[in-house]
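**Student:** next input, structure requested:
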Amino acid sequence: MNTPGPFEHGGNIYAAARLTGAAPGQLLDYSANINPLGLSAAVRDAVRDALDSVIHYPDATAAALKDAIGRRYGVDPGLVTCGNGAAELLYVLCQVRRPRRVLLAAPTFSEYERAARAAGAAVGYFPLAADDGFRLDPDAFAARLAGVDIAFLCNPNNPTGRLLTRGEVEPIVAAAARAGAWVVVDESFLDFLSDAAGFTCRPLLAAYPNLIILQSLTKFYAIPGLRLGFLLAEPAVGDILDRAKDPWNVNTLAQAAGVAALDDEAYRAASVAAVAAARAELIPALAALPGLRPFPASANFILARLTGATAPDLRRTMLRDGILIRDCSNYPGLSPAYIRLAVKLPAQNAALLAALEKNLKDGTA
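**Tutor:** Numbering: from 1, shown residues only. A predicted model of the protein is given here:
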């Protein structure tokens, strides 16, 4: 595999399979941050039960799904816009707002920049320093909002894993309101936290009409192949988005899967506990390897710095062992010294650690 392109993501098991000759199911994918528990039984049953319904158009209002989102997150279903993945909503949002300038942290999830540039926006970076653990200074970020139309915040930030408290985000949203800017807070990985309630910005929605909360459901519920996400915003913004998107953008199977997933409390509790336990074991084990220094993590992925090998080289050698890792060299603000690893179950993590130890050798892949 070559060095990733500017907006290339992890998780492309099909390309890896074509390259290696392995079946996709034979590869161990640490390059995508998907719940290691996999598909829940409730979601599997819901998709199977809904299969015969695909002879009809999907519910264009996604009413049952919006109600399930409302129940799960304690929000008015009238604030919900559903998407064919959260990424679709990013693009619709940028196309309807047509921002002249956007502001985003560097490094962060690259689809914010891609969606903004597709809408003709100029992109400004707010650099995060590795020496400071990639911390985002809320006051300094707020001071950059003059002339900005949309600011994006990923919380926890992908790929750094760094968290902002709600108390840290609120001054940014308030400053953006004074500057006439929208703030999009992406909470796609917050469900992996046991104390997510203390970090979500949902309680701020009533006070700040310029606040938009974006959330993918594909990561936590392990359904990236179905594509499902949603956005919370005041109804006026939702109306604009509804007029700009495909009315049947969320298919019948994805809607059924979403309702079943959001009502599955047992799967949610098991996922949070399993990821927390695996992460607590994996970080010190990674730190013990030669030439690899993991950063603190809060969700189901870990950013690590290589002190000898390069990410492109390590990515290639790991693939020979059937393991995909995320080469982070294409993130603005990072270099070929950084990789990101998903958190999986103990047996899978043991295979990852063994392959890393073999390929890092004395610090050079």
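**Student:** okay, now residue 205: neighbour count?
**Tutor:** By other Cβ atoms under 10 Å, 19 other residues sit near residue 205. (C-beta placed from N, C-alpha, C; glycine too.)
**Student:** kindly report the same for residue 179.
**Tutor:** Residue 179 has 17 neighbours, counted by other Cβ under 10 Å.
**Student:** thought it was touching residue 145?
**Tutor:** Yes: here residue 179 reaches residue 145: they are 4.5 Å apart, a contact under Cβ atoms under 8 Å.
**Student:** what's residue 154 in contact with, if anything?
**Tutor:** Applying Cβ atoms under 8 Å, 6 or more residues apart in numbering to residue 154 gives the contacts 105, 108-109, 112, 186, 188.
**Student:** recalculate using a threshold of 7 Å.
**Tutor:** Contacts for residue 154 (Cβ atoms under 7 Å, 6 or more residues apart in numbering) come out as 108-109, 186.
**Student:** also residue 228?
**Tutor:** Counting by Cβ under 7 Å, 6+ apart, residue 228 touches 85, 217-218, 250, 254, 257-258.
**Student:** and the pLDDT at residue 10?
**Tutor:** With respect to pLDDT, residue 10 scores 82.
**Student:** how about it: what's its closest non-neighbour residue?
**Tutor:** Excluding the flanking residues, the one nearest residue 10 by Cβ to Cβ, 6 or more residues apart in numbering is residue 31, at 3.0 Å.
**Student:** for this protein, just list every one of the helices.
**Tutor:** Under the criterion DSSP state H, helices of the chain are mapped to 13-20, 41-50, 63-73, 86-97, 111-118, 138-142, 166-179, 235-244, 252-262, 265-287, 311-320, 346-360.
**Student:** packing partners of the third one?
**Tutor:** Taking 3 or more Cβ pairs under 7 Å, 6 or more residues apart in numbering; DSSP states H and E as contact, the helices and strands that helix 63-73 lies on are strand 80-83, helix 252-262.
**Student:** quick revisit: can you list which of the contacts of residue 154 are found in strands?
**Tutor:** Judged by DSSP state E, strands contain the following of the contacts of residue 154: residue 186.
**Student:** circling back to that earlier point, can you redo the helices of the chain as a markdown table with mean pLDDT and distance to residue 193?
**Tutor:** Shown next, in a markdown table, are those (pLDDT from 0 to 100; distance: least, Cβ to Cβ, whole Å):
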| stretch | mean pLDDT | distance to residue 193 |
| --- | --- | --- |
| helix 13-20 | 89 | 27 |
| helix 41-50 | 98 | 21 |
| helix 63-73 | 98 | 14 |
| helix 86-97 | 96 | 18 |
| helix 111-118 | 97 | 21 |
| helix 138-142 | 98 | 19 |
| helix 166-179 | 98 | 13 |
| helix 235-244 | 95 | 26 |
| helix 252-262 | 98 | 17 |
| helix 265-287 | 98 | 7 |
| helix 311-320 | 95 | 27 |
| helix 346-360 | 97 | 20 |
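**Student:** of the ones you listed, which approaches residue 152 most closely?
**Tutor:** Proximity to residue 152, assessed across the helices of the chain by Cβ to Cβ, is greatest for helix 111-118 (4.1 Å).
**Student:** let's have the contacts of residue 228 in TSV, adding neighbour count and distance to residue 52.
**Tutor:** Shown next, in TSV, are the contacts of residue 228 (neighbours: other Cβ atoms under 10 Å; distance: Cβ to Cβ, whole Å):
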residue	neighbour count	distance to residue 52
85	21	24
217	28	23
218	25	24
250	26	18
254	27	16
257	27	15
258	29	18
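**Student:** name the nearest of those relative to residue 239.
**Tutor:** Nearest member of the contacts of residue 228 to residue 239, counting by Cβ to Cβ, is residue 250, at 17.2 Å.
**Student:** list the buried residues for stretch 275-288?
**Tutor:** 275-276, 278-279, 282-283, 286 (16 or more other Cβ atoms under 10 Å).
**Student:** one step back: export the helices and strands packed on helix 63-73 to TSV and tack on distance to residue 4?
**Tutor:** Listed next are the helices and strands packed on helix 63-73 as TSV, based on distance: least, Cβ to Cβ, whole Å:
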stretch	distance to residue 4
strand 80-83	25
helix 252-262	27
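**Student:** right, so of the ones you listed, which gets closest to residue 169?
**Tutor:** Nearest to residue 169, of the helices and strands packed on helix 63-73 and by Cβ to Cβ, is strand 80-83 at 20.2 Å.
**Student:** same for that closest one, what does it pack against?
**Tutor:** By 3+ Cβ pairs under 7 Å, 6+ apart, strand 80-83 packs against helix 63-73, strand 229-232, helix 235-244.
**Student:** of these, which is nearest residue 312?
**Tutor:** The nearest among the helices and strands packed on strand 80-83, by Cβ to Cβ, is strand 229-232 at 30.2 Å.
**Student:** quick one: strands adjacent to that closest one?
**Tutor:** Strand pairing for strand 229-232, using DSSP bridges, gives strand 80-83 (antiparallel), strand 211-216 (antiparallel).
**Student:** nearest to residue 349 among the helices and strands packed on helix 63-73 would be which one?
**Tutor:** Comparing the helices and strands packed on helix 63-73 by Cβ to Cβ, helix 252-262 comes nearest, at 24.4 Å.
**Student:** quick one: contacts of the closest one?
**Tutor:** 40, 42-43, 46-47, 50, 53-54, 58-59, 62, 64-65, 68-69, 72, 217, 221, 223, 226-228.
**Student:** buried residues in stretch 206-213, which are they?
**Tutor:** Buried, per 16+ other Cβ under 10 Å, within stretch 206-213: 208, 210-213.
**Student:** farthest pair in the residues you listed?
**Tutor:** Among the buried residues of stretch 206-213, 210 and 213 lie farthest apart (Cβ to Cβ), at 11.7 Å.
**Student:** fine, thanks again, bye for now.
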